[in-house]
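>>> Here is my input; please provide its structure:
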Amino acid sequence: MSCKLVIIGGVAGGATAAARARRLNEDAGIIVFERGEYISFANCGLPYYIGDVIGTRNDLLITTPEEFKARYRIDVRTLSDVLSIDRAAREVVVKDLRTGESYRESYDRIILSPGAEPVSLPAGYGAFDNVFSLRSVSDADRIKMHADRRGPRTAVIIGAGFIGLEMAENLSKKGVKTTIVERLPQVMNLLDCEMVSAVHDHLRENGVDLLLERSISSVAGLKTVSAVMTDRGEEVPCDMLVLSMGVRPDTRLARGCGLAIGDLGGIKVSPLMMTSDPDIFAVGDAVEVNDLVTGFPVLAALAGPASKQGRVAADNAMGRRTVYGGTLGTSIVKVFGLTVSSTGASEKTLRMRRVPHLVSYTHSNSHAGYYPGAEMMTIKLVFSPGSGRILGSQIVGGAGVDKRIDVMATAIRGSMTVFDLEDIDLAYAPPFSSARDPVNIAGFVASNILKGDHEVVHAGDLKDMADNTVLLDLRDMEDLMRSSPIEGAVHVPLGRLRRKMEKLDREKFYITYCEVGSRSYAGHRILAQRGFRSKNLSGGYKTYTAAMREH
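Here you go, the predicted model:
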């Protein structure tokens with residue numbers, strides 16, 4: 001099939017689509033227009049280049065236009081801004097940013113990959129020479145030059161998503177005292193609040209100041225910002241200001257030529273990545289796709305989905321029929337020594353969508369505790385109350401978080417249940433895991449809840465305890481000395497529970513807890529089998545304190 005394919009935008013979505021289209025059709029005419037200087041670069045690596053973790057700028061460049069053209073015989077035109085799409089004439093209007101001249105180029109099919117643009121502060125902030133946003137290699141060059149040559153002592157980052165947290169780490173490691181200002185009550189809003197408590201603590205331990213539930217009301221300075229003022233009247237010194245308030249889909253071209261736009265502001269596409277025009281496809285940060293768990297449209301500004309969508313769009317543009325099944329939004333971020341990850345639906349999303357669900361918390365070592373270097377991870381598992389189908393998971397910890405969140409993502413994609421997690425065979429050797437992997441343990445706990453073996457309450461439920469409810473702290477004295485009990489709790493070490501049982505009031509309702517919920521589960525089972533009414537505090541004292549700090 002002879003076809004002239006125009007791809008607007010490179011990086012993950014556009015470059016992948018171009019390479020895939022060539023592999024499918026050696027005779028097609030393929031042109032890639034990219035308004036920037038580079039067709040494909042590691043935009044996720046930009047903060048680490050600024051922080052000197054990635055040593056050389058060239059390491060960010062995945063391929064050059066020359067290499068791409070030589071390998072795939074594709075006409076790559078960088079510094080070329082597509083101004084409009086004339087659907088009636090089947091042409092695009094392109095401005096050559098080198099010469100300033102505009103011209104028209106015909107097409108048979110188009111794949112749009114314009115990405116997203118940073119949400120910016122009101123007009124006027126661009127007049128300051130120390131205000132930055134981070135989207136491109138040139139943005140990274142500008143930030144790195146400022147940090148290296150001017151030696152800023154203080155930085156303010158507005159926004160606490162992926163880029164904001166990664167910039168906070170990398171600037172801090174360069175000796176810049178960093179403050180994050182975030183209008184929401186937590187960082188990483190895609191996670192549930194109790195799961196980011198450890199992230200808040202870890203940021204502060206590493207010298208990052210957090211000003212949550214605040215926004216910037218004004219700035220001080222003439223050509224250079226010297227301080228920012230929050231809406232609570234706080235003045236924060238600022239030698240550099242980084243805007244990281246999220247992104248919004250770049251729909252300029254789509255709106256200009258009359259393509260359908262979804263309710264979330266992204267380009268509306270079918271599972272074929274086809275827009276409302278059957279000859280125009282769209283991929284990446286600019287499009288709305290279906291959430292694989294809830295079925296609702298979402299915006300997923302992530303490189304992985306963009307690359308997969310580019311492949312699907314190329315297939316369909318070249319005459320094949322391939323369907324994009326939806327996204328789980330699987331994501332992960334490094335925050336100093338912590339790894340923060342998520343896949344599928346969060347509890348807050350399911351509550352908003354009124355989707356029935358249950359939740360479990362487990363705290364497990366990354367590998368066998370007797371082998372040196374084990375690090376704790378907290379796993380939140382969200383699942384269906386009927387079938388036990390896994391709906392989502394969030395994992396925060398140190399080593400090994402990445403492979404566990406990938407297992408969870410695979411399980412959700414395969415419509416697996418928590419019962420499957422009990423049985424799944426995962427690699428074990430003491431340096432890597434335990435005989436019962438953290439994923440297995442999460443499955444055991446969730447399965448026990450569904451079987452009725454493990455009746456649980458959550459931290460938020462304790463504020464509404466009935467008068468006849470007693471909290472039983474089953475921790476050992478060593479644990480108790482490290483942290484005080486929950487107010488009003490009665491301390492009975494698990495090893496003494498059977499001997500103390502005759503002193504318990506059978507008219508009372510008992511809620512057991514320990515440090516992470518494991519020993520108190522054993523206590524709950526003892527009480528339940530002896531005729532006492534009992535439930536266990538899910539995730540134990542560790543999850544309880546995290547949840548209480550965030551409320």
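>>> give me the low-pLDDT residue ranges for the chain?
Within the chain, the stretches with pLDDT under 70 are 1, 121-124, 126, 550-551.
>>> so the residue sitting furthest away from the middle of the chain, which of the three states?
Going by C-alpha atoms, centre = their mean, the residue of the chain most distant from its centre is Glu502, 49.6 Å out. Following DSSP: H, G, I helix; E, B strand; the rest coil, the label given to Glu502 is helix.
>>> Okay, it and Arg533: tell me how far apart.
In this view, Glu502 and Arg533 are 17 Å apart by C-beta to C-beta, to the nearest Å. C-beta here means a position set from N, CA and C on the backbone, and glycine is covered the same way.
>>> Look up how far Ile511 lies from Gln529.
Distance, Gln529 to Ile511, using C-beta to C-beta: 17 Å.
>>> Comparing those two, which residue is more hemmed in?
Neighbours of Gln529 and Ile511, each counted by other C-beta atoms under 10 Å, are more numerous for Ile511; the result is 24 against 9.
>>> ends of stretch 120-133, how far apart?
End-to-end span of stretch 120-133 (C-alpha to C-alpha, to the nearest Å): 8 Å.
>>> name the element Tyr103 belongs to?
Secondary structure from DSSP states H and E places Tyr103 in strand 102-106.
>>> helices or strands next to that strand in the packing?
Counting by 3 or more C-beta pairs under 8 Å, 6 or more residues apart in numbering; DSSP states H and E, the packing neighbours recorded for strand 102-106 are strand 91-96.
>>> Geometric centre of this protein: which residue is closest?
Central residue of the chain (C-alpha atoms, centre = their mean): Ser331, at 3.9 Å.
>>> Spatially, what comes nearest to that one if we skip its sequence neighbours?
Ser342 (5.5 Å; C-beta to C-beta, 6 or more residues apart in numbering).
>>> check contacts around the one you found.
If you count contacts by C-beta atoms under 8 Å, 6 or more residues apart in numbering, Ser342 has them with Leu190, Leu191, Gly329, Thr330, Ser331, Ile332, Gly392, Ser393, Gln394, Ile395, Ile405.
>>> what do you get if the cut-off is 10 Å, keeping everything else the same?
For Ser342, the contacting residues are 188, 190-192, 195, 328-333, 380, 392-396, 405, 408-409, by C-beta atoms under 10 Å, 6 or more residues apart in numbering.
>>> In a strand, it, correct?
Yes - counting by three-state DSSP, Ser342 is part of a strand.
>>> how about the helices of the stretch 1-150 of the chain, start to end?
In the stretch 1-150 of the chain, the helices defined using DSSP state H, counting those that start in this stretch lie at 11-24, 46-50, 65-72, 137-149.
>>> Same list (those) but as a markdown table, adding distance to Leu210.
Formatted as a markdown table, the helices of the stretch 1-150 of the chain follow (distance: least, C-beta to C-beta, whole Å):
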| stretch | distance to Leu210 |
| --- | --- |
| helix 11-24 | 31 |
| helix 46-50 | 18 |
| helix 65-72 | 42 |
| helix 137-149 | 21 |
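>>> mind listing what's buried in stretch 363-378?
Residues of stretch 363-378 classed as buried: His363, Ser364, Asn365, Ser366, His367, Ala368, Ala374, Met376, Met377, Thr378 (neighbour count, 16 or more other C-beta atoms under 10 Å).
>>> And stretch 201-215, by the same measure?
The neighbour-count check on stretch 201-215 (16+ other C-beta under 10 Å) flags His202, Leu203, Asn206, Val208, Leu210, Leu211, Arg214 as buried.
>>> Nearest spatial neighbour of the third one, chain-adjacent residues omitted?
Once its chain neighbours are removed from consideration, Asn206 has its nearest residue in Phe336; the separation is 4.7 Å (C-beta to C-beta, 6+ apart).
>>> which residues touch that neighbour?
Leu165, Ala168, Glu169, Ser172, Lys173, Val199, His202, Leu203, Glu205, Asn206, Gly207, Val208.
>>> I'd like the distance between the last one and His454.
Val208 sits at a distance of 38 Å from His454 (criterion: C-beta to C-beta).
>>> same thing with the first one?
Between Leu165 and His454 the distance, using C-beta to C-beta, works out to 34 Å.
>>> more neighbours, the two?
It is Leu165, of Leu165 and His454, that has more neighbours when counted by other C-beta under 10 Å, with 26 against 21.
>>> So that one, which state does it fall into?
Here Leu165 is helix, with the state taken from three-state DSSP.
>>> so what's the residue nearest to it when sequence neighbours are not counted bridging to?
Closest residue to Leu165 apart from its sequence neighbours, by C-beta to C-beta, 6+ apart: Val335 at 5.2 Å. Note on Val335: beta-bridge partners by DSSP bridges are Leu338.
>>> neighbours of Lys173, just the number please.
Number of residues near Lys173 (other C-beta under 10 Å) recorded here: 16.
>>> And for it, nearest residue in space, chain neighbours not counted?
Gly51 (5.4 Å).
>>> Against Leu504, how distant is that neighbour?
As judged by C-beta to C-beta, Gly51 and Leu504 stand 56 Å apart.
>>> Including secondary structure and distance to Thr349, could the contacts of Phe336 go into a markdown table?
Compiled in a markdown table, those are given as follows (DSSP: H, G, I helix; E, B strand; the rest coil; distance: C-beta to C-beta, whole Å):
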| residue | secondary structure | distance to Thr349 |
| --- | --- | --- |
| Leu165 | helix | 20 |
| Ala168 | helix | 25 |
| Glu169 | helix | 27 |
| Ser172 | helix | 31 |
| Lys173 | helix | 33 |
| Val199 | helix | 19 |
| His202 | helix | 24 |
| Leu203 | helix | 24 |
| Glu205 | helix | 29 |
| Asn206 | coil | 29 |
| Gly207 | coil | 32 |
| Val208 | coil | 27 |
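>>> out of the residues you listed, what pair is the most spread apart?
Lys173 and Val199 (17.1 Å; C-beta to C-beta).
>>> The closest residue to Ala220 other than its chain neighbours pairs with what?
Excluding the flanking residues, the one nearest Ala220 by C-beta to C-beta, 6+ apart is Ala227, at 4.4 Å. Applying DSSP bridges to Ala227 gives these bridge partners: Ala220, Pro237.
>>> Isn't Ala227 up against Pro237?
Yes - contact criterion C-beta atoms under 10 Å: Ala227 and Pro237 qualify, at 5.4 Å.
>>> So for these two, which residues contact both of them?
Common neighbours of Ala227 and Pro237, using C-beta under 10 Å, 6+ apart, are Thr154, Val156, Ala220.
>>> Among those, pick out the one closest to Asn290, please.
When those are ranked by distance to Asn290 (C-beta to C-beta), Val156 comes first, at 37.0 Å.
>>> from what I can see that closest one touches Gly221, true?
No - at 12.0 Å, Val156 and Gly221 do not qualify as touching, with contact defined as C-beta under 10 Å.
>>> Enumerate every residue touching Lys4.
Ala28, Gly29, Ile30, Ile31, Arg90, Glu105, Ser106, Tyr107, Asp108, Arg109, Ile110.
>>> what do you get for Pro431?
Ser366, His367, Ala368, Tyr371, Pro372, Gly373, Ala374, Ala399.
>>> could you redo the last one with a cut-off of 6 Å?
His367, Tyr371 (C-beta atoms under 6 Å, 6 or more residues apart in numbering).
>>> pretty sure it belongs to a strand, no?
No - counting by three-state DSSP, Pro431 is not found in a strand; it is coil.
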